[in-house]
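Colleague: what's the 3D shape of this:
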Amino acid sequence: MDLLERARGALTGLAIGDALGMPTQSMSHASIVKAYGGPIQDFRDAVDDQPIAPSMKAGSVTDDTDQAFILAHRLIEDGGDLDVMAYAQDLLAWEQRMRAKGSLDLLGPSTKAALEKLSQGVSPELTGKYGTTNGGAMRSAPVGIAFAPGEALCAAARRSCIVTHNTTQGIESTTLIAAVVSFGLEGGDLKDNMRKAVSLVLGLNHFGSWSAKASVVARVKAVLGYLDSASGKAACCEDDDFAAFLRDIVGTSVEANESVPAAFAIAYRFADKPFEALCLAASLGGDTDTMAAMAGAMLGAAYGPDVFGKEQVQKVEKQNSIDVDGVAAGLIALRNRGEQ
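Modeller: Below you'll find the model as predicted:
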């Protein structure tokens with residue numbers, strides 16, 4: 001499988017995971033079961049009282065995919081040297097379009113607060129100093145496609161989140177997802193690539209504003225270690241037990257130190273069952289669309305788009321008019337140029 005196919009896989013996996021989690025986002029597990037008659041097993045129309053995407057059509061993506069593609073287009077336009085001010089304006093323009101459509105699927109809390117400060121003249125270095133949520137991580141797959149593993153990748157990941165998530169948690173989470181995607185494009189075993197990403201981020205200097213919240217990379221490392229241990233294998237041998245572990249111990253909220261370790265755990269445990277992985281993420285409760293999107297990007301980079309099913313790929317691309325091929329080609333051109 002070549003770089004372009006893996007790049008297509010990362011973008012497609014992100015979108016498919018996002019679309020699977022769209023009808024369940026911000027709902028509890030019990031509410032999901034009641035509303036949809038059980039766990040998510042395929043794309044579903046959102047119920048009328050869905051808190052963020054009421055009555056949205058099956059296969060529709062949310063802000064996760066939209067913002068990832070906004071970042072991708074900005075990276076391509078800027079030749080890989082991201083103009084953070086232009087990127088911030090791109091995000092604000094996107095939200096205005098969403099408001100005009102009457103959508104409730106708008107910017108996340110950290111991103112919104114940061115961009116409001118930016119519009120008031122606050123320095124980009126300061127606007128994201130409280131952003132500990134997963135907004136930077138959810139849209140970082142394009143960085144992993146555009147940059148090979150190494151210092152340039154880490155610098156680009158940090159630059160992509162500095163305006164909105166300039167905290168240790170924001171930078172760690174953004175770099176972790178981008179790194180797994182980047183290692184995935186190089187080939188190799190997905191689980192090994194996850195461990196490589198953890199090692200890479202553990203070796204970084206501590207950039208970003210301090211927060212008392214738990215470290216994202218430390219929690220990812222701990223969760224993966226637990227799943228490899230005898231006690232972890234015994235406790236999470238059944239899917240229901242694994243899901244309970246994620247909800248009760250890891251957490252599934254919008255906070256990066258919960259949803260990112262959860263996404264890693266899902267992709268790690270279901271490395272050989274990618275579509276099942278995303279369905280489980282969509283059924284957990286909490287920030288389902290983002291967990292599924294991040295897991296989908298990591299899995300897609302490792303296996304390519306067809307691993308999710310050709311019918312599912314076509315459904316999401318058609319429903320959302322996503323230019324996966326063009327964006328993937330543009331990002332790979334950046335990666336190839338950087339390696340010359």
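
Colleague: From now on I want contacts and neighbour counts done on CA atoms only, so please keep to that.
Modeller: Will do.

Colleague: OK, contacts around residue 166?
Modeller: Residue 166 is in contact with 125-131, 158, 207-209, counting by C-alpha atoms under 8 Å, 6 or more residues apart in numbering.

Colleague: Kindly recompute the last result at 10 Å.
Modeller: Residue 166 sits next to 114, 124-132, 136, 158-160, 172, 207-210 when contact means C-alpha atoms under 10 Å, 6 or more residues apart in numbering.

Colleague: repeat for residue 82
Modeller: Contacts of residue 82 by C-alpha under 10 Å, 6+ apart are 71-72, 74-76, 156-157, 159-160.

Colleague: let's see it at 8 Å
Modeller: Residue 82 makes contacts with 74-75, 156, 159-160, as judged by C-alpha under 8 Å, 6+ apart.

Colleague: Among those, which one lies nearest to residue 320?
Modeller: Distances from residue 320 to these, taken as C-alpha to C-alpha, are shortest for residue 74 (19.3 Å).

Colleague: Filter the contacts of residue 82 down to the buried ones.
Modeller: The neighbour-count test (16 or more other C-alpha atoms under 10 Å) marks 74-75, 156, 159-160 as buried among the contacts of residue 82.

Colleague: how about TSV for these, with secondary structure, distance to residue 257 and pLDDT added?
Modeller: TSV is the format used below for these (DSSP: H, G, I helix; E, B strand; the rest coil; distance: C-alpha to C-alpha, whole Å; pLDDT from 0 to 100):
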residue	secondary structure	distance to residue 257	pLDDT
74	helix	27	98
75	helix	26	98
156	helix	21	97
159	helix	20	95
160	helix	18	96
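
Colleague: any low-confidence regions in the stretch 51-200 of the chain?
Modeller: Within the stretch 51-200 of the chain, the ranges that satisfy pLDDT under 70 run 104-106.

Colleague: mind listing the helices for it?
Modeller: Assigned by DSSP state H, counting those that start in this stretch, the helices in the stretch 51-200 of the chain fall at 63-77, 84-100, 109-119, 124-127, 135-138, 141-146, 151-161, 168-186, 190-202.

Colleague: For residue 51, which of those is the nearest?
Modeller: Closest to residue 51 of the helices of the stretch 51-200 of the chain is helix 63-77 (C-alpha to C-alpha; 14.4 Å).

Colleague: before we move on, the earlier item: need the contacts of residue 82 in JSON lines (columns: distance to residue 326).
Modeller: Formatted as JSON lines, those follow (distance: C-alpha to C-alpha, whole Å):
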{"residue": "74", "distance to residue 326": "14"}
{"residue": "75", "distance to residue 326": "13"}
{"residue": "156", "distance to residue 326": "21"}
{"residue": "159", "distance to residue 326": "23"}
{"residue": "160", "distance to residue 326": "21"}
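
Colleague: which one of those residues sits closest to residue 189?
Modeller: residue 156 (24.2 Å).

Colleague: roughly how far apart are the nearest residue to that closest one once chain neighbours are set aside and residue 97?
Modeller: Spatially, and ignoring its direct neighbours in sequence, residue 156 is nearest to residue 143 (6.7 Å; C-alpha to C-alpha, 6 or more residues apart in numbering). Residue 143 is 24 Å from residue 97, where distance means C-alpha to C-alpha, to the nearest Å.

Colleague: These two: which has the busier surroundings?
Modeller: Applying other C-alpha atoms under 10 Å to residue 143 and residue 97 shows that residue 143 carries more neighbours, namely 33 against 13.

Colleague: Just list the residues touching that one, thanks.
Modeller: By C-alpha under 8 Å, 6+ apart, the contact set of residue 143 is 72, 153, 156-157, 178, 182.

Colleague: make it 7 Å
Modeller: By C-alpha atoms under 7 Å, 6 or more residues apart in numbering, the contact set of residue 143 is 153, 156-157, 178.
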